[in-house]
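1. kindly generate the corresponding structure for this input.
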Amino acid sequence: MIFCNLGSGSKGNSTYVQGSGPALLIDQGFSVKNLLLRMETVGLNANKVGAVFLTHEHSDHLRGVGIFARRFHVPVFITATTYEAISPALLKNVEVQHFTAGDELLFHDLKVKAFHIPHDAADPVAVIVSGNDKRIGIITDVGAEIQLLHQHLKDLDLLFLESNHDMEMLDNGPYPLHLIKRIKSRVGHLSNEQAKALFEQLSLNGKLRHLILGHLSEKNNDPKIVKKLFKKTIQKITPKVQLSIALQNKAGSLIEL
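-> Residues are numbered from 1 along each chain as shown. Next comes the predicted model:
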C-alpha cells in the first residue's frame, strides 16, 4: 500500500491511499491546481485516483472535492447526513455514493471501515483502510480520545493522528475565549497531550511502523514541541516506529507499506 498526506491543517486536508488498484483520496480541501502541484512533488498521478472519501463537511476537508470529482470523473463517498449539510451545488453533476458510519466499504482491492467520532460536524467519521495485510488509520478532527478509538486502532501498520494544539499556547494565544472552549470541548480537537495519551494506550502489538501527526494548529502548536513530546514516548514504548509531522504548506513523504 501507498500512503501520502498531501497537506493537513485548517487551510486544507487531503490524503492519498493506494493498493494495487485505483487510489482513494481521503478528503479534498485544496484547490485542484494546488492539489495537483502537491501530488506532482511526490510523483503521484491524479488520474490514478478512483474516488474521494469525505470524513465531514468542514470546508478545509471538502473545498475542492466537487471540482476534482467532475474533472477526473470519480465518485464521492459521503454519509447521507453529511451530504444534507453541504450546499447542493458543491456536488452537482457528481456521482455520490452514500455510506453509514460503521460500514465497511470494498473499493477494488481496498477495504474502508468508517466509524463515528466526536466533532462539531453533522456526521464526522474516521477511517481504517486495509489491503494486502496492511492497515492504515486516519483519525483527525476528533474532540476526545474515546474508548471506541482504541477498538478500531488495533494492529495498525500506519497511524495518521491529530495532534492539534499545545494547551499552553492555546490558552495564551490569540483566539477568543469561545473558540478556545470549542477547541477544548469533546467535539473540538485533540491536544498534543491527548494524542500522546491515546497513542500510549493503543494495543500496538508490535506491528505499528509509522506514526504521522497531523492537523497541527499554525497559531497554537509547533512541530518542534510535538516531535519532542512524541519522540520521548516512542523511544520508551515502541522504538521501531518512525515519526513524522504532516504540514499545511506541502505534501509529506510517500510511504510504501
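2. quick one: contacts of the lengthiest helix in the chain?
-> In the chain, assigned by DSSP state H, the helix with the most residues is helix 223-237. Residues outside helix 223-237 that contact it (Cβ atoms under 8 Å, 6 or more residues apart in numbering): 163, 166, 169, 192-193, 196, 199-200, 204, 211, 213, 216, 241, 243, 245, 247. In this view, the C-beta of every residue, glycine as well, is placed from N, C-alpha and C.
3. with stretch 115-128 instead?
-> Identification of contacts with stretch 115-128 by Cβ under 8 Å, 6+ apart yields 26, 53, 55-58, 79, 81-82, 84-85, 101-102, 112-114, 135-144, 146, 148-149, 152-153, 156, 182, 185-188.
4. which of the residues you listed fall within strands?
-> 26, 53, 79, 112-114, 135-139 (DSSP state E).
5. coming back round to it: return a ChimeraX selection command for the buried portion of the contacts of stretch 115-128.
-> Typed into ChimeraX, the line below selects the buried ones among the contacts of stretch 115-128, using 16 or more other Cβ atoms under 10 Å:
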select :26,53,55,56,57,58,79,81,82,101,112,113,114,135,136,137,138,139,140,141,142,143,144,149,152,153,156,187,188
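6. immediately after the helix or strand of the chain with the lowest mean pLDDT, which helix or strand?
-> The least trusted helix or strand in the chain, going by mean pLDDT, DSSP states H and E, turns out to be helix 147-152, with a mean of 78. Sequence-wise, the next helix or strand downstream of helix 147-152 (DSSP states H and E) is strand 158-162.
7. what strands line up against that next one, and which way round?
-> Applying DSSP bridges to the sheet, strand 158-162 is found paired with strand 134-139 (parallel), strand 210-214 (parallel).
8. so for residue 33, which of those sits nearest?
-> strand 210-214 (22.2 Å; Cβ to Cβ).
9. by how many degrees do that closest one and helix 223-237 diverge?
-> In terms of direction (axes from the mean of the first three to the mean of the last three Cα atoms, to 10 degrees), strand 210-214 departs from helix 223-237 by 150 degrees.
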